[in-house]
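S.K.: sequence and computational prediction follow.
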Amino acid sequence: MTDWTLSYEGFEPAQEGLREALCTLGNGYFAARGASEEAEADDTHYPGTSLAGGYNRLATE
């Protein structure tokens, strides 16, 4: 078995959104965006978790 590593060289703010999207891990319902762990939401980074098909079924008045 051969080990492999996905790595990016350098920091290009214009490419961070694409890099995070390409490194997102999910199963079709639940996904974690591939942002670095120290990233905070700003103009460059958009870390987060997404849920598809999850609905709030509570009735509201």
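M.R.: Looks like it arrived, so ask away.
S.K.: show me where this protein has strands.
M.R.: 25-26, 30-32, 49-51 (DSSP state E).
S.K.: tell me the helices and strands packed up against the last one.
M.R.: Same thing as strand 49-51. Helices and strands touching strand 49-51, by 3 or more C-beta pairs under 8 Å, 6 or more residues apart in numbering; DSSP states H and E, are strand 30-32. For glycine as for every other residue, the C-beta is placed from the backbone atoms N, C-alpha and C.
S.K.: which other helices and strands contact the strand it packs on?
M.R.: By 3+ C-beta pairs under 8 Å, 6+ apart, strand 30-32 packs against strand 25-26, strand 49-51.
S.K.: before we move on, the earlier item: want to throw the strands of the chain into JSON lines with mean pLDDT and distance to residue 5?
M.R.: Listed next are those as JSON lines, based on pLDDT from 0 to 100; distance: least, C-beta to C-beta, whole Å:
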{"stretch": "strand 25-26", "mean pLDDT": "90", "distance to residue 5": "16"}
{"stretch": "strand 30-32", "mean pLDDT": "90", "distance to residue 5": "19"}
{"stretch": "strand 49-51", "mean pLDDT": "86", "distance to residue 5": "24"}
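S.K.: mind putting the helices and strands packed on strand 30-32 in JSON lines, mean neighbour count and distance to residue 34 included?
M.R.: JSON lines is the format used below for these (neighbours: other C-beta atoms under 10 Å; distance: least, C-beta to C-beta, whole Å):
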{"stretch": "strand 25-26", "mean neighbour count": "12", "distance to residue 34": "7"}
{"stretch": "strand 49-51", "mean neighbour count": "11", "distance to residue 34": "11"}
